[in-house]
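**Q** Generate coordinates for the sequence data below:
(2 chains)
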Amino acid sequence: MSAPPVPAIRMEGAAKAFRQGFWLRPVEAVRSVSLEVPAGSLFGYLGHNGAGKTTTIKMLLGLVAPSRGRVAVWGGAPGDPKVRRRVGYLPEQPCFYLDLTAREFLGFHADLCGLTGDARRTRIGELLERVGLAGVEGERLGRFSKGMLQRIGLAQALVGDPDLLILDEPMSGLDPVGRKEVRDLMVEMGGRGKTVFFSTHVLSDAEAICDQVAILVRGEVRSVGALADLLKPRVTEVEVVAAGLPPDFAAGGVDAPVLDGALRVRVPETGRDDLVRAVLAAGGRVTAVTPYRETLENLFMHELNAVERAG
Amino acid sequence: MRQVFAIAQVTYREAVRNRVLYSLLFFVAALLIVSSILDRITLGQSGKVVLDLGLAAVHLSGALIAIYLGVSLMAREIADRTLHVVLAKPVGRGTFLMGKYLGLVATLALIVAVMGLALLGALAAFGVPPGLAFFQAVGMIWVELAVLTAVAVFFASFTGPFLSGMFTLGLFVAGHLAPGLRALGESTGDKVLVAAGRVVYYLLPNLEVFDLKVQALYHTPVSAAAAGLALAYAAGYTAVLLGAAGLVFARRDFR
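**A** Now for the predicted structure:
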């Protein structure tokens, strides 16, 4: 029997408290994160601003040590340089050495990843081409726009051909074209069997490309799993559209006006059959029954509200 | 080793493009001009004042630049989070610290060389032959700055730029007073004060061993053995400081 594949990331009850103020009181940035990111998945780490996404990512990179719990990347400690050889990282607001040119900057990161000779030269050329900066490789980064900095940031994250790409709010501050390019790049990486873990507070981005997500609310992961599994059980409503109804139509507790014999109403899925029968009994006809899946936004708001209600 | 060299190279490039550096070099130029004016009004000591004040200017300016660069470049790495991207690569924290330190020391070599050449020009203008002792004095200033940079990097590894700047400046002053403090303790004859003087002497970097300004002034070069001993002392002290900085740095959270 073969051993189960090693997940790209495994976190078990990971928490981080920073000491702040004169009395160095601990302030919890992350309260409890338990999740597993399978190799090859496109994983969205969702949370509102200040939820603890960046601190979680810093734990994954070994930049901060967890106060509690366990964090493993490719089965090893994130602080181990051998583990980081398989990881590429793009920070939220890329801050780089602005006096370096794009080529010098990528050369520096290629050196850090141990690339030499022709492999180094070829890789830098490929990446400049891949992120659309081939014509401006001699420009200093200080002259780059935010979008260009994001591109060179992505290039440095990819320079060591990592198996796991960790991106912190990669689409933040980009225009629609830039956002699409980054999304396409993530999908392409996924298609090449790479694992992509990215944080975002833009739910539509995650919904568009992720196969797995985790929802972080106030430092705690509330939901985690495949997007299809998280949203599927929550198909709880249907929209029924009917025509040819009498003006006084009222059935099954439906509280919607009938205008010119037409009715458009959203009801719980359990009440669908009763409503359809009532429409037919009243001499009307059903023109559409559309099931409503819960969106990621609904799920996110549901988890957020649950935490807020709990105090 | 390639990683250390890459980090050192980026540090060097960043440092030499720092504008504050040029203002401090301007300060040296101003001091050289002042010393040449003083030289003109000093009877019978032609060139000596230029040499004396010039070496002091190189020493003091170099120390201020070393403290500024050592503290600010480390602080900026952390504040600007450029360090995060580097440490996310397969780079050990000790490697980063060593690369940063070597880049700073290389920058200081350039700065001391430029200031030394300027002083050499001023001496030539006054017809003062520099001699071996002059080159030894300038070289030892650089060695002292390398030790001072290790002090700055050590403090910057666990505290903010203001405090680490103050601590390093304090140690620079105290390091030059170390032999005097020991002698002061011994002169009292009090056992406690003698012991305290010795503790301070051995704990602080004894920066006086690198001060060869008087030797340069009287053209009395130190022996190779004495210079070697000073170099060994600098290497040992620097190794201890960087080792301690590495231990602190390895445990530090980068938020």
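
**Q** Return the residues in contact with residue 18.
**A** Answering for chain A, as no chain was given. A:P26, A:V27, A:A29, B:D253, B:R255 (CB atoms under 8 Å, 6 or more residues apart in numbering or on different chains). The C-beta positions use only the backbone N, C-alpha and C, and glycine is treated the same way.

**Q** wrong one, chain B
**A** B:L69.

**Q** pLDDT value on it, please?
**A** For B:N18, the pLDDT comes out at 71.

**Q** Right, and chain A sits closest to which residue of the stretch 101-250 of chain B?
**A** For the stretch 101-250 of chain B, the residue closest to chain A is B:A250, as judged by CB to the nearest CB, at 8.5 Å.

**Q** In this structure that residue contacts B:R93, no?
**A** Yes. If you go by CB atoms under 8 Å, B:A250 and B:R93 touch, sitting 5.1 Å apart.

**Q** Going by residue numbers, what spans are helices in the chain?
**A** Just so you know, I chose chain A. A:53-60, A:81-84, A:102-112, A:117-130, A:146-158, A:176-191, A:203-209, A:227-231, A:272-281, A:296-310 (DSSP state H).

**Q** Hmm, no, I was thinking of chain B.
**A** Along chain B, counting by DSSP H, helices occupy B:2-16, B:19-40, B:48-79, B:82-87, B:93-125, B:131-156, B:161-188, B:191-203, B:213-217, B:224-251.

**Q** right, and these - which one's nearest A:M171?
**A** When the helices of chain B are compared by CB to CB, helix B:82-87 sits nearest A:M171, at 18.3 Å.

**Q** Which one of B:A250 and B:R93 is surrounded by more residues?
**A** Set B:A250 next to B:R93 and count neighbours by other CB atoms under 10 Å in any protein chain shown: B:R93 wins out with 23 against 13.

**Q** Contacts only, for the more buried one.
**A** Counting by CB under 8 Å, 6+ apart, B:R93 has contacts B:L87, B:G246, B:F249, B:A250.

**Q** any idea how far it lies from B:F249?
**A** For B:R93, the distance to B:F249 equals 5 Å [CB to CB, to the nearest Å].

**Q** which residue sits closest to the residue of the stretch 101-250 of chain A found nearest chain B, ignoring its sequence neighbours?
**A** When scored by CB to the nearest CB, the stretch 101-250 of chain A has A:D111 as its residue closest to chain B, at 3.7 Å. Excluding the flanking residues, the one nearest A:D111 by CB to CB, 6 or more residues apart in numbering or on different chains is B:A6, at 3.7 Å.

**Q** Find me the pLDDT at residue 75, would you?
**A** I went with chain A, as the question did not name one. 93.

**Q** you looked at the wrong chain, it should be chain B
**A** 83.

**Q** Tell me if I'm right that B:F96 and B:V86 touch.
**A** Yes. In this structure, B:F96 is within contact of B:V86 by CB under 8 Å, at 6.1 Å.

**Q** related to what we said a few turns ago, next, the contact list for the residue of the stretch 101-250 of chain B closest to chain A, please.
**A** B:A250 touches B:R93, B:G94, counting by CB under 8 Å, 6+ apart.

**Q** What does the pLDDT read for it?
**A** At B:A250, pLDDT is 89.

**Q** Give me the below-cutoff pLDDT ranges for the stretch 1-150 of chain B.
**A** Within the stretch 1-150 of chain B, the stretches with pLDDT under 70 are B:19-21, B:23-25, B:27-28, B:31-32, B:36, B:39, B:43-46.

**Q** mind checking how far stretch B:234-245 is from the chain centre?
**A** Relative to the mean C-alpha coordinate of its chain, stretch B:234-245 is positioned 14 Å out (CA atoms, centre = their mean, to the nearest Å).

**Q** swap that for stretch B:49-60, sorry
**A** With CA atoms, centre = their mean, you get 15 Å for stretch B:49-60.

**Q** Within range of chain B, give me the residues from chain A.
**A** With CB under 8 Å from any CB of the partner chain as the criterion, chain A meets chain B at residues A:18, A:55, A:58, A:61-65, A:81-82, A:84-85, A:87-89, A:91, A:93-97, A:99-100, A:104, A:108-109, A:111-114, A:116, A:153, A:156, A:160, A:166.

**Q** Counting neighbours, what do you get for the residue nearest to A:D111?
**A** Per other CB under 10 Å, the neighbour tally for B:A6 reads 21.

**Q** quick one: it from B:R13, how far?
**A** Using CB to CB, we find B:A6 at a distance of 11 Å from B:R13.
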